[in-house]
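Participant: Sharing a sequence plus its predicted fold:
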Amino acid sequence: MELGPIFRTLIHNRTRTVLIAFEVALTLAIVVNCLNMIRDMRGKMLRPTGLDVESILVVHTQPFDPAFEEEAFVDDTRVADLRALRAFPGVRAATAIAQIPLSGGGSSTGRKATGSTTETIGAPYFVVADDALETLGVELAGGRGFVPDDFVQRESRADEPELGNVILTQALADALFPDGNAVGRTIQDERGESINTVVGIVRQMHNSWPESSLAERVMLIPGAPGSSRRIRYMVRAQPGMVDELYTALHAEMLRLNPGRIVTVSTLQEIKDDTYQENAGLIKIFGVVIFLLLTVTALGIIGLTSFSVAERTRQIGTRRALGATRFAILRYFLVENALITGCGLLLGLALTYSLNFALAEAADAPRLGLPLVGVGMALLWLAGLAAALVPALRGSAVAPVVATRTV
């Protein structure tokens with residue numbers, strides 16, 4: 001194979017060669033970084049939450065009846081609602097809850113091991129009623145769930161810390177007690193005004209901020225969720241009953257007490273709404289990738305087609321001197337491969353530079369070498385594929401073309 005003529009041709013037409021190479025480089029940098037962010041966002045969206053997302057419905061009630069101004073009435077309503085929900089056909093379990101997992105908005109506090117001199121760490125929490133673990137569909141890794149005594153309100157003097165039992169996720173327990181064995185030990189807030197005994201460990205559960213790197217840190221607090229402004233319930237359906245309960249629970253809650261606005265949604269809908277921005281960005285990145293690949297492919301096709309048209313007589317002369325159609329095809333494909341290869345080498349530097357800038361400015365994930373390698377290989381093959389049709393057209397030039405201008 002004569003590489004000399006190819007290099008001389010590229011140098012002679014260096015302007016268009018450089019433009020195509022730079023286009024390939026830019027495409028590689030943008031496409032690979034877009035794919036990297038798509039992979040990261042999809043990974044977060046698809047990672048296990050520890051919750052039975054597909055089977056859980058969230059019932060949000062917003063009272064307007066003045067009777068709800070009385071705390072005792074709120075408590076009685078919650079008890080009556082839970083009794084009715086648990087007895088409703090198709091319901092596996094139900095609980096009251098103050099904050100909603102995966103919703104993008106919740107509550108967090110600070111906790112550290114009792115007596116520790118270190119700073120507290122973030123502890124997103126959920127105040128739940130009884131039967132919470134069964135309703136959430138989470139799995140205990142150690143200790144026990146809540147028992148009735150955990151929900152009893154205990155009086156304490158002003159100079160005494162507030163006491164109570166809690167359940168932690170494994171991720172939060174490991175952060176608080178790196179040596180393990182969290183069950184039975186106590187944690188406190190910054191000033192020691194609240195001390196909690198860890199009675200159970202949940203293997204995995206996402207908090208209200210599933211996109212966070214600390215999404216699996218959760219503290220469950222037994223309590224009596226609900227107020228005159230809202231009472232929320234989570235209902236876990238029997239298999240195949242979600243759709244039926246979706247509409248039936250709305251009517252049931254209004255039947256129990258018409259003095260409130262009732263909204264029912266699935267936990268999957270709440271999760272999808274939280275990830276809505278990510279889903280939109282994935283679509284945008286997909287469109288950008290498609291447009292860049294299309295423009296680059298068209299540029300390569302145009303360059304190769306122009307080269308073929310420009311050298312039609314030269315091709316005819318080579319054919320007349322004995323060059324095979326395969327030799328002509330190979331010539332143009334090698335020429336394209338060299339241009340694409342140079343663009344990919346330049347693109348490698350641009351890719352990592354862009355990734356560094358995105359990581360610093362937007363906390364984008366760092367690029368892995370395998371993804372860059374795959375991106376380079378696919379773009380190189382795409383370049384060859386784009387050049388194939390005009391190259392085949394060039395190889396079909398007949399030897400007689402060389403004599404037409406003689």
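Facilitator: Sure thing, it's come through.
Participant: CA only for contacts and neighbour counts going forward, please
Facilitator: Fine.
Participant: could you measure the nearest residue to G184 once chain neighbours are set aside against Q170, distance?
Facilitator: Nearest non-adjacent residue to G184, counting by CA to CA, 6 or more residues apart in numbering: V198, 5.4 Å away. As judged by CA to CA, to the nearest Å, V198 and Q170 stand 11 Å apart.
Participant: now A248
Facilitator: For A248, the distance to Q170 - CA to CA - is 36 Å.
Participant: Which of those two has more residues huddled nearby?
Facilitator: Each of A248 and Q170 has its neighbours counted (other CA atoms under 10 Å); Q170 has more, 24 against 14.
Participant: Count the residues that sit near the nearest residue to the more buried one once chain neighbours are set aside.
Facilitator: Once flanking residues are discounted, Q170 sits nearest to R203: 5.3 Å by CA to CA, 6+ apart. For R203, the neighbour count with other CA under 10 Å is 16.
Participant: just checking, what packs against the helix or strand containing T263?
Facilitator: T263 belongs to strand 260-266 when assigned by DSSP states H and E. Using 3 or more CA pairs under 8 Å, 6 or more residues apart in numbering; DSSP states H and E, the elements in contact with strand 260-266 are strand 56-63, helix 242-256.
Participant: Let's test this: mean pLDDT of that strand, rounded?
Facilitator: For strand 260-266, mean pLDDT is 96.
Participant: Could you chop the chain up by domain?
Facilitator: 3-46+276-403, 53-270 (automatic domain parsing).
Participant: lowest-confidence stretch among these?
Facilitator: domain 3-46+276-403 (a mean of 80).
Participant: Please, where are all the strands along this structure?
Facilitator: Assigned strands in the chain, in chain order: 56-63, 91-96, 107-113, 121-128, 140-143, 162-169, 186-188, 194-202, 219-222, 231-237, 260-266 (criterion: DSSP state E).
Participant: Need the winner for burial among these.
Facilitator: Scoring those by mean neighbour count under mean count of other CA atoms under 10 Å gives strand 231-237 as the most buried, with a mean of 26.
Participant: Just list what that one packs against, helices and strands only.
Facilitator: Against strand 231-237 (3+ CA pairs under 8 Å, 6+ apart) you get strand 56-63, strand 91-96, helix 132-136.
Participant: closest one to D76 among the ones you listed?
Facilitator: D76 lies closest, by CA to CA, to one member of the helices and strands packed on strand 231-237: strand 91-96, at 12.7 Å.
Participant: List the neighbouring strands of that closest one plus their orientation.
Facilitator: Partners of strand 91-96 in the sheet, by DSSP bridges, are strand 231-237 (antiparallel).
Participant: Now do the partner strand and strand 56-63, the angle between them.
Facilitator: Orientation of strand 231-237 against strand 56-63 (axes from the mean of the first three to the mean of the last three CA atoms, to 10 degrees) gives an angle of 160 degrees.
Participant: quick check, distance from strand 231-237 to the centre of its chain.
Facilitator: Strand 231-237 sits 25 Å away from the centroid of its parent chain (CA atoms, centre = their mean, to the nearest Å).
Participant: and if you look at stretch 266-278?
Facilitator: Relative to the centre of its chain, stretch 266-278 is centred 11 Å away, using CA atoms, centre = their mean.
Participant: likewise stretch 53-67?
Facilitator: In terms of CA atoms, centre = their mean, the centre of stretch 53-67 is set 27 Å apart from its chain centre.
Participant: Can you give the strand pairings for the strand holding T263, parallel or anti for each?
Facilitator: According to DSSP bridges, strand 260-266 has the following sheet partners: strand 56-63 (antiparallel).
Participant: Now do the strand it pairs with: everything it contacts.
Facilitator: 135-136, 228-237, 242, 246, 249-250, 259-268 (CA atoms under 8 Å, 6 or more residues apart in numbering).
Participant: Tell me what angle it forms with helix 242-256.
Facilitator: Using the same axes, to 10 degrees: strand 56-63 against helix 242-256 is 20 degrees.
Participant: now do the same end-to-end measure for stretch 112-131.
Facilitator: End to end - CA to CA - stretch 112-131 spans 27 Å.
Participant: just the helices in the chain please.
Facilitator: Per DSSP state H, the chain carries helices over the ranges 3-12, 14-46, 71-87, 132-136, 170-176, 242-256, 267-274, 276-310, 312-320, 325-362, 369-395.
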